[in-house]
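1. the following block contains a protein sequence and its predicted model.
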4 protein chains.
Amino acid sequence: MRLLFVGDVVGRSGRNAISDILPGLISDYALDLVVVNGENAAGGFGITEEICQDFLDAGADVVTTGNHAWDQREALVFIERQPQLLRPANYPPGTPGRGATVAIARNGARVLVVNVMGRVYMDALDDPFAAADRELQACPLGDMADAVVVDMHAEATSEKQAMGHYLDGRASLVVGTHTHVPTADHQILDGGTAYLSDAGMTGDYDSVLGMEKDEPVNRFLRKIPTARFQPALGEPTLCGVAVEVSDSTGLAEAIGPVRIGGRLSEALPTFW
Amino acid sequence: MRLLFVGDVVGRSGRNAISDILPGLISDYALDLVVVNGENAAGGFGITEEICQDFLDAGADVVTTGNHAWDQREALVFIERQPQLLRPANYPPGTPGRGATVAIARNGARVLVVNVMGRVYMDALDDPFAAADRELQACPLGDMADAVVVDMHAEATSEKQAMGHYLDGRASLVVGTHTHVPTADHQILDGGTAYLSDAGMTGDYDSVLGMEKDEPVNRFLRKIPTARFQPALGEPTLCGVAVEVSDSTGLAEAIGPVRIGGRLSEALPTFW
Amino acid sequence: MRLLFVGDVVGRSGRNAISDILPGLISDYALDLVVVNGENAAGGFGITEEICQDFLDAGADVVTTGNHAWDQREALVFIERQPQLLRPANYPPGTPGRGATVAIARNGARVLVVNVMGRVYMDALDDPFAAADRELQACPLGDMADAVVVDMHAEATSEKQAMGHYLDGRASLVVGTHTHVPTADHQILDGGTAYLSDAGMTGDYDSVLGMEKDEPVNRFLRKIPTARFQPALGEPTLCGVAVEVSDSTGLAEAIGPVRIGGRLSEALPTFW
Amino acid sequence: MRLLFVGDVVGRSGRNAISDILPGLISDYALDLVVVNGENAAGGFGITEEICQDFLDAGADVVTTGNHAWDQREALVFIERQPQLLRPANYPPGTPGRGATVAIARNGARVLVVNVMGRVYMDALDDPFAAADRELQACPLGDMADAVVVDMHAEATSEKQAMGHYLDGRASLVVGTHTHVPTADHQILDGGTAYLSDAGMTGDYDSVLGMEKDEPVNRFLRKIPTARFQPALGEPTLCGVAVEVSDSTGLAEAIGPVRIGGRLSEALPTFW
Ligand SMILES: [Fe+2]
Ligand SMILES: [Fe+2]
Ligand SMILES: [Fe+2]
Ligand SMILES: [Fe+2]
Ligand SMILES: [Fe+2]
Ligand SMILES: [Fe+2]
Ligand SMILES: [Fe+2]
Ligand SMILES: [Fe+2]
């Protein structure tokens, strides 16, 4: 089975990358399932119902989020009627929406997608390790799930790597999001789980985290805001990671980076 | 001019990568200057005089550090007699050692190397932007320096990218360290500065940050230490970044990742 | 019923305050129950079985802790056989010891004592609000408990005040610890719960947090450690808070600060 | 000389305390100089020119601020024409306004007032210790200043206590602000400097930090904002600290808390 995970989509530039590039990838490479992190899709802050639907229309099967999940207040409402949109599973009980879902891939496989959020240098949610554990026990790989994808939305590489090792052998892919920079440490861990610390941002890399760079630089220099953050509108790079999942075990057979367009070096999996 | 920057060397495994791989790289590819971040070289924590000398013997021209600079207390003393060892320039006035130096490359070029440390999610040192500015004004590219390398030791990608843009056109390379994970966002910024958010760790990637993984995972799960952190001793990956610097302008002509050995995907610059 | 809560005891100076002052207070003022936070009792870091026993011998009924609970490794073992020693209740399931206990006061009343730890600027434990809620529902005031004392070990005043309001009407006393500075905001909240943001430290106030002041000041100035932290050994102040609890409702009738000895202004409740 | 320092004024409730109570205090007790921290005066966020003028009209000689200094954007402009309004001195060079001023007290004394901001758990400004040192060297106590007041706006008690010890003998008063809770650790340090970790908030203490309590409690429980923060509008407590300064040495002869009105226990200095 062929999976694609696409990192944090930022603003219109990032959304254009999804609508322009994703459908072709799905058809050209016969992708079975696509997950897109959309937490910054709406002007850099959150996601609207319309944008979420656009992503699904472009071929995304599941949309994940993170600390920006609720920046667009409507998300608190429409997430309840949109089972393909996830928010981190380790929000407190009673939080609208869900943190995990089972999607049916184009090849018919049942793919559990889990979204959790780290706590190092981030808000103090419930334990993401316990939350991931709970979701994976409720729908185990090789039993009720044919593949498992975990989006570990987190700042610290230590916490992401620890999550990878903790879930090794129980997930097809553990991939980080949130730093908006793709990492090059993709590997298959000893237990068979594909791992990448960060999928990177989908947006304009002539920026700071996808946002027009002048104001962020100004804030570091002057320590006083002088303007709002605005998404950078230059040519986007679609950033993500591809995994070949064993149809028999649900574990990873291959992992490779995907970087298309914009300023970053082009990358396509050799196994595509 | 051909530069190589090697990311945080962790423990014996990482040190072996330096002694086994670096000399061959220098001779095979005629590298003009090599900078190595050595802040985790001594068992994961700091650097000793002997290890620093080993790095220089293996061909490093300058050794940079970061928040772990002083973990080995002897560094406070020997750094005074070792001008090729840097600590972040934005430590308070009076701190032993120096945060910048001019090294003479094998081609005779004068290369200013600057080490600064970010403040987001890190200790509150002096302003790294002001410190970098000061060093670059004291020894400007194209005037007193033929090339300029800045090691921005920092956690947050936002702060690293902001530093890249702030120094764009004034440095040959701005490269991040500290997260121990190589990023894949190498590019040449509009002003001609090569940029990479993190060079990655030189050490064993079957680990958490280069340390044996059981105890870090345990601490995330249990919140109680049960053992000391120990460097992982598996096969190392040498991680870094190569830059081709214009002999006329000192700006970057090409940038590419270097990953050799161990568990990560191999990478050598196409321009080598 | 007459309660006394004593804040973080630091080092030998603080321990002397307990042994010298506490027994007299108990007999002079007919205190029914005494809780002591002992997380810094052993040289500033953690608590040993012997010290814990000394506190109990001096008249403490329950000893609470916080982020320093495990600094003395033996605490992980002896806490299992010492039901009067608490660690924060919001450590993960499986943590040694317990986060709440019911003590029988000298007047025969059943007093639920709960220890929780905040998460703002502190380690990411489980939700302290949910943990406190769980403990209070398992042993409700006016039902299974005649009085309830909650030690909210936390840094941020916002989180402490929020805990006070959250538990208002369900606890006799919500008192903060951890900042090592007594606050003067004691009041009875609208629901009848006595509240104080921080009980303060029991130790030498010619110090930084009870530790000899030179090294802490040095670290702020130089950003490099030059020595270990040592408890300050000057004359101690016993700091705490007294509450008069209604025998019928278990709610607070009066609250007042207690400061005895050392450099701080003397305070004894007017209702003693 | 008789000084009064009043802690963070929050919203209309806090402003009413200033206009209703301060003028009477000044006349009744012949106060020579009054400093008011006004960083939360405008709806909890920042200060306007009109409010600043109201404070001066009510008798304040100097108004200090902190991390909320610029919440009202007009402050960036009017601070330039209002020398009695301070922002932390350790903002970067080029920041509008000033971090220190010399006010002439009612008794004719020259009082240096310095505003600095801590960095622990706060934004990474320049070194507050170095900044305070610079200001005090430029206008030393006993030489160009007859009294020195330092507002150390900071979260961590450790950093505030360290500042007190660092400036001991060089200031008449080092007082903390920012936590919005008055502390009870007032003392005169060995070198003669009066010290208090936090002056407390001037506003409604049936609140979280002076803001209506429901939304702050909700955010701790739910981790999702559901409303804006609004200042609590109940009866205010004016919170501050009084110092008797020696006319000959400029050092402190006495220090005592001031708490008037509202829910907190009343306090007036015995030496008034
Ligand atoms: Fe994001
Ligand atoms: Fe994020
Ligand atoms: Fe490192
Ligand atoms: Fe580091
Ligand atoms: Fe503590
Ligand atoms: Fe403590
Ligand atoms: Fe404030
Ligand atoms: Fe503040």
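-> Structure's in. What do you need? Numbering: from 1, shown residues only, chains lettered A, B, ... in the order given. Ligands and ions are numbered 1, 2, ... in the order given.

2. can you pull the buried residues of stretch A:73-87?
-> A:75-76, A:78-79, A:82, A:84-87 (16 or more other CB atoms under 10 Å in any protein chain shown). In this view, the C-beta of every residue, glycine as well, is placed from N, C-alpha and C.

3. which two among those are spaced furthest apart?
-> Greatest spacing in these, by CB to CB: A:76 and A:84 (16.6 Å).

4. excluding chain neighbours, what is closest to residue A:40?
-> residue A:10 (4.4 Å; CB to CB, 6 or more residues apart in numbering or on different chains).

5. next one: phi and psi at the one you found?
-> With angles defined as degrees, to the nearest 10, residue A:10 shows backbone torsions of phi -110, psi 110.

6. with the one 5 residues further on instead?
-> As for residue A:15, its main-chain torsions (degrees, to the nearest 10) stand at phi -60, psi -40.

7. how many neighbours does it have?
-> 22 (other CB atoms under 10 Å in any protein chain shown).

8. residue A:50 too?
-> So residue A:50, with other CB under 10 Å, has 10 neighbours.

9. repeat that for the one 3 residues further on.
-> A count of nearby residues for residue A:53, using other CB under 10 Å, gives 16.

10. helix or strand: which one has it?
-> helix A:49-57 (DSSP states H and E).

11. can you name every helix or strand that that helix contacts?
-> helix A:11-28, strand A:62-64, helix A:75-78 (3 or more CB pairs under 8 Å, 6 or more residues apart in numbering or on different chains; DSSP states H and E).

12. which of the ones you listed sits most buried?
-> strand A:62-64 (a mean of 29; mean count of other CB atoms under 10 Å in any protein chain shown).

13. so which residues make contact with that one?
-> The contact list for strand A:62-64, computed with CB atoms under 8 Å, 6 or more residues apart in numbering or on different chains, reads A:33-39, A:47, A:52, A:55-56, A:84-86, A:101, A:103, A:113, A:115, A:149, A:151, A:153, A:177.

14. one step back: pLDDT and distance to residue A:1 for the buried residues of stretch A:73-87 - can I get that in TSV?
-> Shown next, in TSV, are the buried residues of stretch A:73-87 (pLDDT from 0 to 100; distance: CB to CB, whole Å):
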residue	pLDDT	distance to residue A:1
A:75	96	30
A:76	96	33
A:78	97	29
A:79	98	27
A:82	97	24
A:84	98	18
A:85	98	22
A:86	98	20
A:87	98	25
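
15. low-confidence stretches in the stretch 51-200 of chain A?
-> For the stretch 51-200 of chain A, no stretch has pLDDT under 70.

16. enumerate the residues of it near chain C.
-> The stretch 51-200 of chain A has residues A:92, A:119-120, A:124, A:126-127, A:130 near chain C, with proximity defined as CB under 8 Å from any CB of the partner chain.

17. arrange those in TSV, one row each, with neighbour count as further columns.
-> Listed next are these as TSV, based on neighbours: other CB atoms under 10 Å in any protein chain shown:
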residue	neighbour count
A:92	15
A:119	23
A:120	17
A:124	19
A:126	23
A:127	21
A:130	16
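
18. which of those residues fall within helices?
-> Of these, the ones assigned to helices by DSSP state H are residue A:130.

19. got the residues of the stretch 51-200 of chain A next to chain C as a markdown table, with distance to ligand 5 columns?
-> Output for those, formatted as a markdown table (distance: CB to the ion, whole Å):
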| residue | distance to ligand 5 |
| --- | --- |
| A:92 | 24 |
| A:119 | 19 |
| A:120 | 19 |
| A:124 | 16 |
| A:126 | 22 |
| A:127 | 21 |
| A:130 | 24 |
